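> no letters, just coordinates:
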């Protein structure tokens, strides 16, 4: 394992949806860099406990907190628990998200609303509580150059249309402009806001897309770099965006997609 530099020592991070996949990888990555980590989960307490134990085994501090990010009272309670435990919050990784796929004419209103509630409204509610805490706490220049950091987990589908996944694509398009609008408004307060947009990453949510050689071969047609991403590809970027090394990056979406947004369907038709 690469030696950790503890770039986030003295800081506390909340990572939503951190009981599996990208969220778990980000939580562990932040913990290995010295941050206290609040591992949020909605239902998978086993995965959340696994992330906590991994961080603690490496000498870090972490707790698991159950909360549905689409519910304001639960979000407020999660932030209170984080502040009561660690004193403040410095980093929010807005990762919680899900899919409820269906063809447009078959998509139930409930499934449309559920995905928007979690993927978009959940990020709004968590960001609002984070900013309230950053302002309440004030600057700590010995800890971080910024007042606080917010990372919004988006997707290549903030710009790539996705038939059959209208609710998911709409939610990620909303995340993109929410993030940029927040960055515009909060920048003068020294609060940095950015997004990470993963492409095809090996996570439980999309196992069917890569778990057989045939499925992976089909998927690789969409990826110029010709490999499916790992969760560590995202967590490495997340840690860097949360550190002072990226202090002048603000209001940007960083695509981590092996070139998926290069429209590879045109590669032999130039």
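In hand now; what should we look at? Here the structure is a predicted model, which is why all the values come from computation and not from measurement. Residues are numbered from 1 along each chain as shown.
> helices and strands around the strand or helix carrying residue 77, which ones?
In this structure, residue 77 sits in helix 72-86 according to DSSP states H and E. Identification of packing neighbours for helix 72-86 by 3 or more CB pairs under 8 Å, 6 or more residues apart in numbering; DSSP states H and E yields strand 12-15, strand 36-41, strand 62-66, helix 122-137. Glycine gets a C-beta too; all of them are placed from N, C-alpha and C.
> contacts for the next helix or strand after it next, please.
Sequence order places strand 91-94 as the next helix or strand after helix 72-86, per DSSP H and E. Strand 91-94 is contacted by residues 8, 11-16, 18, 23, 26-27, 30, 35, 122-123, 126-127, 130, 148-153, 238, 242 when judged by CB atoms under 8 Å, 6 or more residues apart in numbering.
> what of stretch 113-129?
Counting by CB under 8 Å, 6+ apart, 14, 16, 68-70, 72, 75-76, 79, 92, 94, 96-100, 150, 152, 167-168, 170-172, 174-175, 178, 182, 193 sit against stretch 113-129.
> for residue 239, give me the pLDDT.
pLDDT, residue 239: 98.
> ugh, wrong one, I meant residue 270
For residue 270, the predicted pLDDT is 59.
> any weak-confidence spans in the stretch 151-270 of the chain?
205-211, 270 (pLDDT under 70).
> same question, the stretch 1-150 of the chain
1-4.
> where does residue 185 land in three-state SS?
With DSSP: H, G, I helix; E, B strand; the rest coil as the basis, residue 185 sits in helix.
> what is the burial count for it?
Residues contacting residue 185 under the criterion other CB atoms under 10 Å number 12.
> ok, it to residue 35 distance?
25 Å (CB to CB, to the nearest Å).
> neighbours of residue 237, how many?
20.
> which residues are in contact with it?
196, 254, 256.
> ok, back up a step: quick one: which of the contacts of stretch 113-129 sit in helices?
72, 75-76, 79, 167-168, 170-172, 174-175, 178, 182 (DSSP state H).
> now, which of those sits nearest residue 159?
residue 172 (8.8 Å; CB to CB).
> contact partners for the closest one?
Contacts of residue 172 by CB under 8 Å, 6+ apart are 119, 154, 155, 157, 158, 197.
> now with 6 Å, please.
154, 155, 157, 158 (CB atoms under 6 Å, 6 or more residues apart in numbering).
> number of nearby residues for the residue nearest to residue 246 when sequence neighbours are not counted?
Distance criterion CB to CB, 6 or more residues apart in numbering; nearest residue to residue 246, sequence neighbours excluded, is residue 240 at 5.5 Å. By the criterion of other CB under 10 Å, residue 240 has 15 neighbours.
> what strand or helix carries residue 240?
helix 231-242.
> list the buried residues for that helix?
Within helix 231-242, the residues that count as buried by 16 or more other CB atoms under 10 Å are 231, 233, 234, 235, 236, 237, 238, 239, 241, 242.
> for residue 13, the count of nearby residues, please.
Neighbour count for residue 13, taken as other CB under 10 Å: 30.
> beta partners for it?
Counting by DSSP bridges, residue 13 is bridged to residue 37, residue 91.
> so it touches residue 35, yeah?
Yes. Under the criterion of CB atoms under 6 Å, residue 13 makes contact with residue 35 at 4.6 Å.
> one step back: name the next helix or strand downstream of the helix holding residue 240, please.
Later in the chain than helix 231-242, the nearest helix or strand by DSSP H and E is strand 253-256.
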